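[1] sequence plus the predicted model coming up.
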Amino acid sequence: MDSADTPREPRCHPVFRMIEYNRCLGLQRVFPKPTRANNMQQFWELDYEVPTWVAVLVLVAITGSIVLGFIMGTPAFILAIWGGAVQLGLGLFVIYLFYRFVVAVETIAEKY
């Protein structure tokens, strides 16, 4: 076999593997037309693992908030703390997205 005839190494995900092999075999369409149900099914089949320490940290934070709310007798202070935490998290996320945008623009500028 020629090097041009050998199939390329497929990507990691099984769906990409099937697409790559079908392309090498010359098959046209193997998968059904994409629908919302198929997209949701593919989304839930992806392997997402949440680290144990993240789950424990969230559980401790929620439990601590509830206990502190009972001790203080008013939820206003707790809501202010959680609101600040959410605001800080969203702000950091927006900064991260802006950073990714700048890096992408620089990468595109270097190519052209």
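    Now that the structure is in, tell me what you want to look at.

[2] run a quick neighbour tally on Phe101.
    Using other Cβ atoms under 10 Å, Phe101 has 10 neighbouring residues. (C-beta placed from N, C-alpha, C; glycine too.)

[3] can you check Lys111 too?
    Per other Cβ under 10 Å, the neighbour tally for Lys111 reads 6.

[4] try Val102
    Val102 has 10 nearby residues by other Cβ under 10 Å.

[5] just the terminal-to-terminal distance for stretch 72-79.
    With Cα to Cα, to the nearest Å as the measure, stretch 72-79 spans 12 Å from end to end.

[6] show me the contacts for Arg100.
    With contacts defined as Cβ atoms under 8 Å, 6 or more residues apart in numbering, Arg100 has no neighbours.

[7] and it, how close does it get to Tyr112?
    Per Cβ to Cβ, to the nearest Å, Arg100 is found 19 Å from Tyr112.

[8] average pLDDT across stretch 71-78?
    Across stretch 71-78, the average pLDDT comes to 83.

[9] quick check: buried residues in it?
    For stretch 71-78, a neighbour-count test (16 or more other Cβ atoms under 10 Å) marks Ile78 as buried.

[10] which residue ranges of the chain form helices?
    Secondary structure of the chain (DSSP state H): helices at 14-25, 36-45, 52-72, 76-111.

[11] of the ones you listed, which stretch is the most buried?
    Of all the helices of the chain, helix 14-25 carries the top mean neighbour count, a mean of 13, counting by mean count of other Cβ atoms under 10 Å.

[12] where's the residue lying closest to Leu68 once chain neighbours are set aside relative to Tyr112, distance?
    Nearest non-adjacent residue to Leu68, counting by Cβ to Cβ, 6 or more residues apart in numbering: Ile78, 6.1 Å away. According to Cβ to Cβ, Ile78 stands 52 Å off from Tyr112.

[13] please pull out the lowest mean pLDDT helix or strand from this protein.
    The weakest-scoring helix or strand in the chain, judged by mean pLDDT, DSSP states H and E, is helix 14-25 (a mean of 56).
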